[in-house]
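**Student:** Predicted structure and sequence below. I'll ask about it afterward.
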Amino acid sequence: MSVSRDDFSIAFRSALLQRGATQKFSILSLIILAIFIFFLDVYGFTLVKTARSFINDVVYRVTYLASAPTRLFPSINKGVASHFNLKKENEELRKVIEKYKSIDLNLEYISNENKNLKKVLDTEDVQSVSNVVLAKVLIDRNSPFLKSIIINKGSKEGIIKGMPVTQNKYLVGRIVETNYLSSRVLLLNDLNSRIPVTFDEKSTQAILTGGGTRNPTLSYLPEDYEFEEDVTVFASGKDGIFSAGTPIGKTKNNGEVTLFVDPNQLSFVTVNLIKPRKEVF
Amino acid sequence: MAKTNIVNKLFASGPLFLLYYLSISEIDTNLEKLFEVFSLNLQIIIIYFWIIKRPNLMGPGHIFSAGLINDVVMGFPLGISSLSYLVVCFVGNYVRNKSVNTTIASDWFTFLVALLFANLVFFSLLNNFSEVGISYTKIGYNTFFTLFLFPVFWLLFNLYQMSFVGSQDA
């Protein structure tokens, strides 16, 4: 019995403390370091916040670069699909397209991006509005737990926490973290998102609640409220954060709201530089 | 000879490269467009497999750094992913110290223990010390799919190990 206990303690200690030939740190020391960093970050000392903001900016840029191939793959896939369709119609044409696509793959990607940007500029008329910042989505990592995106504009452009983010004048989410050169946007379908909204002829008030799923749901409705389909939902502006009347989406029979902007398809967004009337967090 | 050495080293650093790339890139294993509840924690599978099989390829320092990067990209408090990865690393080390020969079944069972401990640390810290809210259903699905798909990745990584790294177990 005592031998077995010795075995356990030896294996346990060895797993925690042993370092291999090429390893510089034991697991125990790194666990202690991780706990230390965690509590420093959670209890938010100024120095740590500044350091984190700097690290965020650097890592987001690197992530954007590292993810470049993954953005190129959809264009390649599209090219391959059209290649097979054309093969059925015309063999010769297929060859030309194949050659053309391989040469112009990069060009296609860049021109698509350019088209999107132009579209945003046209619809939002950014040039004529001074309190709006156009931002590109740097990272759109679809986490199972947090629904957020990183944009390439930060406190340098005057962005602060709580500012509303839109695309084509439709609400997308709000700023929850700002760094000098980048910001994090909490999307409407995130579990932590709560937005006061108004809809239908009676101007019914409700809270749009994200559930971590594709569509947010309406909650805190009047008693016995019956949902109608295709009713447009607007931000009520009662929280002092979002402009009243910003369109969000359309209702469904089950209380969900289909958003006007697909949170998974964001390339460019605009941040409305409206200072929230009260502290958001 | 020198060229072969470099190629071998490149192949040997493949899992570490994959771990860093998964942490820093936009690639995610949450295929909600295809199947809404599907999500997978591939980093934990990579760490556990290679700690069990070839610990010299996956140093805890690298695991710690990959965790920090993951926290920054995902927007979690710094150090929380590192802690959960190090817990997996610790369980893997312990299992390796205690066992002589491992099979896919034994690895799968011990992976369950590692995954449960790692998720327990991750979500209890997040729940108690952070304002980030998380759906417990999503955690359940994530844990289930990670556990369920472990044997698939075990086979893939084993194949990679035998083909490129060398079949000798630690």
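**Tutor:** The structure has been received and is ready for your questions.

**Student:** make it CA atoms for all contacts and neighbour counts henceforth
**Tutor:** Will do.

**Student:** which residues touch stretch B:50-66?
**Tutor:** Applying C-alpha atoms under 8 Å, 6 or more residues apart in numbering or on different chains, the set of residues contacting stretch B:50-66 from outside is A:20-27, A:30, A:34, B:12-13, B:15-16, B:19-20, B:23-24, B:47, B:82-83, B:85-86, B:89, B:92-93, B:95-96, B:169-170.

**Student:** Name the residues of the stretch 101-250 of chain A found near chain B, please.
**Tutor:** Within the stretch 101-250 of chain A, the positions near chain B by C-alpha under 8 Å from any C-alpha of the partner chain are A:139-146, A:191-192, A:211-213.

**Student:** Among the residues you listed, give me the pair with the biggest separation.
**Tutor:** The largest separation in those, counting by C-alpha to C-alpha, is between A:139 and A:211 at 21.1 Å.

**Student:** show me where pLDDT drops low in chain B?
**Tutor:** Applying pLDDT under 70 to chain B flags the ranges B:1-3, B:26-36, B:166-170.

**Student:** and the residues of the stretch 101-250 of chain A next to chain B as a markdown table, adding neighbour count, secondary structure and pLDDT?
**Tutor:** Shown next, in a markdown table, are these (neighbours: other C-alpha atoms under 10 Å in any protein chain shown; DSSP: H, G, I helix; E, B strand; the rest coil; pLDDT from 0 to 100):
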| residue | neighbour count | secondary structure | pLDDT |
| --- | --- | --- | --- |
| A:139 | 25 | strand | 79 |
| A:140 | 24 | coil | 75 |
| A:141 | 22 | coil | 70 |
| A:142 | 21 | coil | 69 |
| A:143 | 19 | coil | 72 |
| A:144 | 26 | coil | 70 |
| A:145 | 22 | coil | 73 |
| A:146 | 22 | coil | 78 |
| A:191 | 21 | coil | 83 |
| A:192 | 19 | coil | 85 |
| A:211 | 20 | coil | 81 |
| A:212 | 23 | coil | 78 |
| A:213 | 18 | coil | 79 |
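
**Student:** quick one: which of the residues you listed is nearest to chain B?
**Tutor:** Of all those, chain B sits closest to residue A:141, with 4.9 Å by C-alpha to the nearest C-alpha.

**Student:** Surely the closest one and residue A:184 touch.
**Tutor:** No. Counting by C-alpha atoms under 8 Å, residue A:141 stays clear of residue A:184, with 11.5 Å between them.

**Student:** Look up which helix or strand residue A:48 falls in, please.
**Tutor:** helix A:46-66 (DSSP states H and E).

**Student:** all helices of the chain, in order?
**Tutor:** Looking at chain A here, since you left the chain open. Taking DSSP state H as the criterion, chain A carries its helices at A:2-17, A:27-42, A:46-66, A:68-89, A:91-124.

**Student:** try again with chain B
**Tutor:** Using DSSP H, helices in chain B cover B:2-12, B:14-24, B:42-53, B:60-74, B:80-98, B:104-129, B:136-148, B:150-160.

**Student:** Can you lay out those as a markdown table showing mean neighbour count?
**Tutor:** What follows is the helices of chain B, written out as a markdown table (neighbours: other C-alpha atoms under 10 Å in any protein chain shown):
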| stretch | mean neighbour count |
| --- | --- |
| helix B:2-12 | 13 |
| helix B:14-24 | 20 |
| helix B:42-53 | 23 |
| helix B:60-74 | 23 |
| helix B:80-98 | 25 |
| helix B:104-129 | 16 |
| helix B:136-148 | 16 |
| helix B:150-160 | 16 |
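
**Student:** Including distance to residue A:41, could the ones you listed go into CSV?
**Tutor:** Output for those, formatted as CSV (distance: least, C-alpha to C-alpha, whole Å):
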stretch, distance to residue A:41
helix B:2-12, 34
helix B:14-24, 19
helix B:42-53, 23
helix B:60-74, 11
helix B:80-98, 10
helix B:104-129, 10
helix B:136-148, 23
helix B:150-160, 32
